[in-house]
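> 3D, please:
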Amino acid sequence: MHVRKFAVVTLSVSLALSLSACGSGKDAPTKMITQVTDGVDGSITTYGNDLKVNSILLVAQPDGSAVLVGAIVNENPTEDTLLGINVGGVNATLSQPNIPLKQNVAIRFAGDSANASAVVPGLNAAPGTRVKVQLSFASAGELTLDAIVRERSGVYANVGA
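Residues are numbered from 1 along each chain as shown. The predicted structure follows:
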């Protein structure tokens, strides 16, 4: 009888460890979580709005400023307007004071196909950290994202103020 109880307990413990990945040791998939470094997405789809914000991140500049990278698309037939961007409590300098958002016309910040720019002076955020990015729209309201700050290297080597 004791042998049977011991076998049941042993089998139960080994199944629990293997099914929960605790038995995987230092290579367990749940331990190998990495920070996403390719930008954050968000949307405003309430009250008839349909704005998509894609791949938002910041590229730190040598002078302490940061350049916004990403895109905004208004999928609503009614035009909206980007009124401003605030990053970590600092207002970004936009390429124009109000950026119109027409239906299905992407506003791209930075890169070869950029049609707008947003520079955050004096942000002084270290690469690898995250900062709050608040986008303000005339109709859709506000959207706050938690974006990563990237170093000006690799694919972001040419992103500059």
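> I figured residue 132 hits residue 90, correct?
No - using C-beta atoms under 8 Å, residue 132 is not in contact with residue 90; the gap is 10.5 Å. For glycine as for every other residue, the C-beta is placed from the backbone atoms N, C-alpha and C.
> neighbour-wise, which of these two wins?
For residue 132 versus residue 90, neighbours defined as other C-beta atoms under 10 Å are more numerous around residue 90 (17 against 12).
> quick one: contacts for that one?
Contacts for residue 90 (C-beta atoms under 8 Å, 6 or more residues apart in numbering) come out as 120, 121, 122, 123.
> how many neighbouring residues does residue 136 have?
So residue 136, with other C-beta under 10 Å, has 15 neighbours.
> pretty sure it sits in a strand.
Yes - under DSSP: H, G, I helix; E, B strand; the rest coil, residue 136 sits within a strand.
> looks like it contacts residue 92 (just checking).
No - judged on C-beta under 8 Å, residue 136 makes no contact with residue 92 at a distance of 10.6 Å.
> shared neighbours of the two, anything?
With C-beta under 8 Å, 6+ apart, residue 136 and residue 92 have common neighbours 84, 85, 86.
> between those residues, which is nearest residue 67?
If you rank these by distance to residue 67 using C-beta to C-beta, residue 85 comes first, at 11.4 Å.
> so that closest one touches residue 116, yeah?
No - taking contacts as C-beta under 8 Å, residue 85 lies outside contact range of residue 116: 10.2 Å.
> list residues touching both of those two?
residue 94.
> re earlier: now tabulate the contacts of residue 90 in CSV and tack on secondary structure, pLDDT and neighbour count.
CSV is the format used below for the contacts of residue 90 (DSSP: H, G, I helix; E, B strand; the rest coil; pLDDT from 0 to 100; neighbours: other C-beta atoms under 10 Å):
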residue, secondary structure, pLDDT, neighbour count
120, strand, 98, 27
121, coil, 97, 15
122, coil, 95, 9
123, coil, 97, 20
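> domain-wise, how is this protein divided?
2-31, 40-156 (automatic domain parsing).
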